[in-house]
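*Asks:* After the sequence you'll find the predicted model.
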Amino acid sequence: MNLVAHLPVIVIMMPLIGASIAFVAGPRRAPLVTVATAVLTIAPVAWLGARVLAEGPTRYEIGGWGGPLGIVLVADGLSAAFLGLVAIVGLGVTLYATGYYRVATGSRPGPGHGLYWTLWLFMWSSLNALLLTGDVFNVYVCLELVGLSAVALVTLAEGAEPLRAAMRYLFASILGAMTYLLGVALLYAATGVLDMRMLADSLGPSVAAETGLALMVAALLLKTALVPMHFWLPTAHAAAPSPVSAALSALVVKGSFFVTLRLFLDVMPAGYLGGADVLIGVLGAVAIVWGSIQALLQERIKLLVAYSTVAQVGYLFLLFPLARHGGEVLSAALLGVLVHALAHAFAKSSMFLAAGVTLKRFGHDRIADLPGTARRAPVIAATFALAGVTMMGLPPSGGFGAKWLIASAALASGEWWWAAVVLVGGLLASAYMFRLLAVFMAAPGGRPLPVGGVRTLRTEWVPLALAAASFLLVLAVPLVTRLAEASAVVAQAGGVVP
Amino acid sequence: MTVWLPVLLPVLVGVTTFLLGETRERLRVLVNLAGAVLSSGVVIALVVRAYDGAVAGSSVEMLPGLALSLEADLLGLLFSAVATVLWAVTLVYAFGYMAHAENRARFFGFFALCIASANGVALSADLLGLFVFYELLTLATYPLVVHSGTDEALVAGRRYLYYALSGGAALLLGVVWLYAIAGTVPFTPGGALGAVAGRTGELRAIFALLAGGFGVKAALVGLHRWLPGAMVAPAPVSALLHAVAVVKAGAFGMVRLVNEVYGPELATSLGVAQPLAAIAAITILFGSIVALRQDDIKRRLAYSTIAQLSYITLGVALCSPLAAVGAVAHLAHHAVMKITMFFSAGSLAETHHIKRLSALDGVGHLMPATMASFAAASFGLAGIPPFAGFFSKWPLGAGAAESGQVWATLLFVTSGALAVGYLAPFLVRAVRPAAAAREPGAESDPRMLWPIVIVGALSLVLGLLAGVPGSPLDWAARAVAPSYAGWSPW
Amino acid sequence: MVDGLVRAIGSGAFLADDLAVTFGVLFSAIWGISALYALVTVPSDERGRLFAYFVPAAVGGIGVAFAADAVSFYLCFALMALPSWGLVTHPRTAEAHRAGTAYLGVTVLGEALLLAALMLLAAEAKSIHLAELRGALAAAEHAGVAFALVVAAFGLKLGAIGASGALPLTYGTAPAGAASALAGATVKVGVLGLLRLLPLGEVVPDGWGAAVIVLGLLTAFGAAALGVLTTTPKAVLGYSSASQMGLVLIGIGAGLADPAAGSWAIAAAVAYSVHHGLAKATLFLGEDVVRHATGHFRRLALAALVLPALALVGAPLTSGFVAKYALKHAVHDAAGALPHLAGTLLSWAAVGTALLMLRFFVLLMQEPVDQGAGTVGGAAAPRRAAAVLWASMLALVAGAAWLWPAGWAADAAHSAFDPTSLFAATWPGLVALAAALLARRLARGAVRLREGIVPPGDLVAGATRVVSAWLAPVPAPVIAGGRTRATGLPRMLLEAEGFWTVWAVAAGVFVVVAVVLVLVAA
């Protein structure tokens, strides 16, 4: 059997197998299994990426069954980039979780401990499948799997608040999934195919197909928590256990965004949904401003970070109005958005993980009560500072690269207002990040903070490493560029600028 | 690759300082001093090469088609040398000043990062690099401004950030826009926009954005409000950053912008240089007049800085070669003089708890060497020969006159008179008999005293040697001459 | 074009032409004797403090005569003028401090104007050599501005009308040894500067000469009027200096008005500088000697003081007569109505000077004996040395009439015995004497008033008071920190977000977005 040909399947199966073993292995050995799985998953992902770089997009038909009936997996530069992201952040989250849960429960496994590992690996596997799947119905399946496991993970936190948040999340998840399914049905009725490549060939002017796709997009926007459909995100992300929050904010929202990207760039011809792309862009702009303002007003770190996600997700959707222009504008914007997705994922996961450490060490995450953190917990402060630089889009962080590319694309297209939005967003991000950092730098009040014995390598250095990765992501841009070039859209658009 | 060293060495020092932690004092001193001396050596070596006409350059690709390029030209090296050499001096002072302060590792670490950023600003070969380091400078300075962690410091820090980051955003927009219409714009003496000179509307807007961005750090009036507040920072920060590295980054950006991005000719024909000159002129008057009434010593000096920085902006905005030479020379001269003053202010505050001008009576007898250095710097700032300041003010004024802009000449001399107005009270009070008997005190810690004496002496020496090749004046002349085709300082 | 400025300004240049030597010798003599006088009269515990300022001021004050380029000139000028602040404020009284502030203000203003003038001219001449600056003035692009700056800068130093008050103000508080140097030497730097920068004997734009003549007339008469109305001997001497410098301005104005008068104008300016410098320094030292003397010696000293006073009035066989001789030549050689008018008025100016001298003597005689340091009558050694120094000054004044070129001096001496000029030289003094007696008869006792009609320092002092009041330092604003709980707009925004996230609202919003998307798409 040619292993290389089966890489996409391996990428999906690896975490799934890990999940099963972790379930069987029991709470005591599950962390080890999960770490091993995380490490092992990196290899096929990297291999797949290398192959995509070398040979271009590959298509894999499970069991040799082609479309329209068989399950088709597609690996191109875009999916490779996101898979890589999930693998790296996933590893970080896993390492962190081993420390987090040990700390959380002491020697005795507590609630949530055992199930976490299985659910997390299961979600990982579903996410990988989502990123690789080549037909729109399987997207639905994967979305459901990711959504359900995510909801389950949120409920792992103790207390009533996480449960309420999880219910809200579940509601959004189901609402989205149903709408998406409705859209798929309409689309199938109109075209008779579900395979993305075949869809791309057979899409014509048809009200049913257009309505179906519009519904699918609406559902995906809900799942990506684009303002004003973000109602579920802040509570869910803030209430979940920190490793879960990190994975949700950094990875899960990117999954549904990835599908939106696929639909717009690979499936639909340009302008197929009329002015929808501009509408989405406008919502993205609103999200940047609204999310940032809300982040600025929050009084707890985790809520601040969650609202920051609402804002940062907005940048991703600026791609669509710019993509209309095609050519260099499209490729610059796509690269920018890609870099942004990566940078945000690193930064956001590190911030949630660091917030988790703060909670554990100080017993709370109320911003106003954390003066002097920079002195008592310099690593946490450094984490927030480095990640914050990415949020603000200041050089040399990945966020800067992303903003630069998006702004240049906007200016090159003549629609300078998108560039203005990007800059305003950066300023607002500075405002909310420095609000936090200023408190950290403040002289500690007379009151000593409780210092728990939780300062382990894993729980503090992992987020710092992730934050550093986001800070230095500019160095990885050449690689991301090559990956972007290995995706169909950019290849058509004539390569990445300039 | 050598050209990266002035940036990388301080980064290394900074990171090492963080990692060494709070307690390893000796090692920290050693690492910082060694780093500063080594960086100074590298910069000086680069200067020697640049004087011979060999310009070192190097670039690293950052985004597709966008490289982070450094180039050790004379103009950049002037700023870099000022920042790096004075870093070494300031370190010694800071070791004395911060001897009993908290969070020293953090302080010295960020201090080094500031210098790295300033060197990056200085040596960047194009606007992108300049922007990148400009923003880093903002970030690295913030922890130093809020170092004490008091409410006052936090408020000042917040204001600093709002101003600096808004300026950064304007700058970013300007740079992206410029790159969108003109591609990469390497700094080219005399201007690099010949090919797109026809797009006047856009170029004007971009100029406004870029000048606005640099204007924040250069503390143009209206954008200056962060600077007096930022004086809550420890004295070495006020001295090196708010007199040398940070604010000069803005002024330096102006020089690059006018001379080497737009070029004096295009800036004049677009009609963008004149408004900039007008704003700078207003700033000079504003800063000088407000400074006249400040009681808080550091605030008085801060307003003086606001005025003096605009000498540089006005000097380049006049688009007269001689004035530009003066502007660039002033970059160095003002640095030396103002750092002396801030050091002295820090010593007064730290050793004798004197923070207000009205408490200064008789201090000259208490700290003769400190106040003598302060006097030397004051004379320089007022533009009195043979102190350094005169040798930048002269070309500034003569250059303005030469290009027919007599109003600017009058402005420079007026500002000189106002400088006497706001500096003389220091000296007058210092030599006046004290109202109440002062407790017997003396000069400050030698680690603080000697740096003051050295930079104070430099205020004189740089003036005395102004005609010697390698002096800031000569250096500035060589650095500016290429921007004005057909003009030679000799 | 090759521009030498940058390279040149780093290097100072000095020269010793006739002008430089004349002024250099004059300044050296005055500064030297004044220094010795200060050394013997100032208490030993204050000497260090005084000479810390005196020495640099003297170095600058003498060096300025030899400066050949703009930078050296400005350097020496500043080196002389700024440390002089320490001379003015030496007594450390509130009055001295105020005087020092006024002095500093006027000085700094003058230096700023001078610097501007030098910069303008240097840019025009592409050089910094004073000779070339002078050559470039008349034809400069901004000739009018440059000219105005030059005249204003040195006018301030000379105590031209408007700034006349600065002179009495500063001399009033400085120790005698310092005041004599300030009055004798530093004021003359203004003359030197005008001679260095104004192209006398060359064609200059119309109106320049007239402007300077008018300024000179106003100064000569205005300062005399102000001086008569003041109430301390030193203040009278100060206004007298300003008045005399007005005469110099008239001469220079004549030289500007007509190139033909140039050489006599220069001669007059130099002659006045030497003559007035020596005479005024002697008067200041004499005032101090008299104040510290009693009895016979006091009377003797008062009598000796008549010599420099007569010289100032321009009595025959004094240096003042020689100077006036040159001045008259200059004014007469210049064509035009204004110079001639000025020529007519010169004698009346001498009346003013004579009145000032009379006033000076009246006030001086009323001065109480200063008992502070040992008086000469009491035979304290330092005061004797002071008297000797003063006597040497007197000798210089007496001899000064014979310092001039042989032909010229002989000519002047000859004319001194010409009945017409003898009369011309003496009637102003007689008129002044008569006027003084008349005034004494009419307003008996008025001269005894300690508070005069003119406050010491007139305009300058007033301006200084106003500016000083405004300059009183204001403390830094107090910054309050901290952040309270969200209220107002932030509260509203938070509540809006809360409403948004109600389930039903959220579901509704989603439906709306989906519908809109569908509508847009289809």
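*Replies:* Happy to help now that I have it.

*Asks:* does the closest residue to chain A within chain B sit in a helix, a strand or a coil?
*Replies:* In chain B, the residue that lies nearest chain A is residue B:149 (3.3 Å; CB to the nearest CB). From N, CA and C alone the C-beta is placed, and that goes for glycine too. Secondary structure state of residue B:149, per DSSP: H, G, I helix; E, B strand; the rest coil, is coil.

*Asks:* Near it, how many other residues are there?
*Replies:* Look at residue B:149: counted by other CB atoms under 10 Å in any protein chain shown, it has 22 neighbours.

*Asks:* ok, now how distant is the nearest residue to it once chain neighbours are set aside from residue B:148?
*Replies:* Take residue B:149 and drop its neighbours on the chain: the residue closest to it by CB to CB, 6 or more residues apart in numbering or on different chains is residue A:443, 3.3 Å away. As judged by CB to CB, to the nearest Å, residue A:443 and residue B:148 stand 7 Å apart.

*Asks:* pretty sure the residue nearest to residue B:149 is touching residue B:146, no?
*Replies:* No. Using CB atoms under 8 Å, residue A:443 makes no contact with residue B:146, being 9.5 Å away.

*Asks:* Of those two, give the one with the bigger neighbour count.
*Replies:* residue B:146 (29 against 18).

*Asks:* got a pLDDT number for residue A:179?
*Replies:* As predicted, residue A:179 sits at a pLDDT of 94.

*Asks:* Enumerate every residue touching it.
*Replies:* By CB atoms under 8 Å, 6 or more residues apart in numbering or on different chains, residue A:179 lies in contact with A:215-216, A:218-219, A:222, C:510, C:514.

*Asks:* at 10 Å instead, please
*Replies:* A:215-223, C:510-511, C:514 (CB atoms under 10 Å, 6 or more residues apart in numbering or on different chains).

*Asks:* Just those: which are in helices?
*Replies:* A:215-223, C:510-511, C:514 (DSSP state H).

*Asks:* Any quick PyMOL command for the buried ones out of those?
*Replies:* PyMOL command restricting those to the buried ones, with burial defined by 16 or more other CB atoms under 10 Å in any protein chain shown:
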select buried, (chain A and resi 215+216+217+218+219+220+221+222+223) or (chain C and resi 510+514)
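
*Asks:* of the ones in helices among the contacts of residue A:179, closest to residue C:218?
*Replies:* Relative to residue C:218, the closest of these is residue A:221; by CB to CB it sits at 84.9 Å.

*Asks:* Just confirm yes or no for the longest helix seen in chain A near chain B.
*Replies:* For chain A, the longest helix by residue count, based on DSSP H, is helix A:327-362. Yes. Interface with chain B: helix A:327-362 contributes A:331-332, A:335-336, A:339 (CB under 10 Å from any CB of the partner chain).

*Asks:* How far off centre is that helix?
*Replies:* 8 Å (CA atoms, centre = their mean, to the nearest Å).

*Asks:* so what pLDDT did the closest residue to residue C:189 other than its chain neighbours get?
*Replies:* Among residues not flanking residue C:189 along the chain, residue C:64 sits closest, at 5.5 Å (CB to CB, 6+ apart). With respect to pLDDT, residue C:64 scores 92.

*Asks:* Residue B:53 now?
*Replies:* Confidence score, pLDDT, at residue B:53: 83.

*Asks:* how far away is it from residue C:186?
*Replies:* Distance from residue B:53 to residue C:186, by CB to CB: 49 Å.

*Asks:* and these two? which has more neighbours close in?
*Replies:* residue C:186 (27 against 8).

*Asks:* can you map out the helices along the stretch 201-350 of chain C?
*Replies:* Per DSSP state H, counting those that start in this stretch, the stretch 201-350 of chain C carries helices over the ranges C:208-228, C:233-257, C:262-291, C:295-313, C:319-333, C:337-366.

*Asks:* and what of the stretch 101-250 of chain B?
*Replies:* B:104-123, B:127-145, B:151-182, B:200-217, B:226-229, B:235-240, B:246-255.

*Asks:* Can you confirm whether the longest one lies near chain C?
*Replies:* So that's helix B:151-182. Yes. Contact of helix B:151-182 with chain C (CB under 10 Å from any CB) involves B:151-156, B:158-159.

*Asks:* any idea which of the residues you listed is the one closest to chain C?
*Replies:* Nearest to chain C among these: residue B:151, at 2.3 Å, using CB to the nearest CB.

*Asks:* Show the pLDDT at that closest one.
*Replies:* 85.

*Asks:* Just give me the neighbour total for residue C:522.
*Replies:* 18.

*Asks:* would JSON lines of the residues of helix B:151-182 next to chain C with neighbour count and distance to residue C:338 be doable?
*Replies:* JSON lines is the format used below for the residues of helix B:151-182 next to chain C (neighbours: other CB atoms under 10 Å in any protein chain shown; distance: CB to CB, whole Å):
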{"residue": "B:151", "neighbour count": "16", "distance to residue C:338": "70"}
{"residue": "B:152", "neighbour count": "16", "distance to residue C:338": "65"}
{"residue": "B:153", "neighbour count": "25", "distance to residue C:338": "67"}
{"residue": "B:154", "neighbour count": "25", "distance to residue C:338": "69"}
{"residue": "B:155", "neighbour count": "19", "distance to residue C:338": "65"}
{"residue": "B:156", "neighbour count": "24", "distance to residue C:338": "62"}
{"residue": "B:158", "neighbour count": "21", "distance to residue C:338": "67"}
{"residue": "B:159", "neighbour count": "18", "distance to residue C:338": "61"}
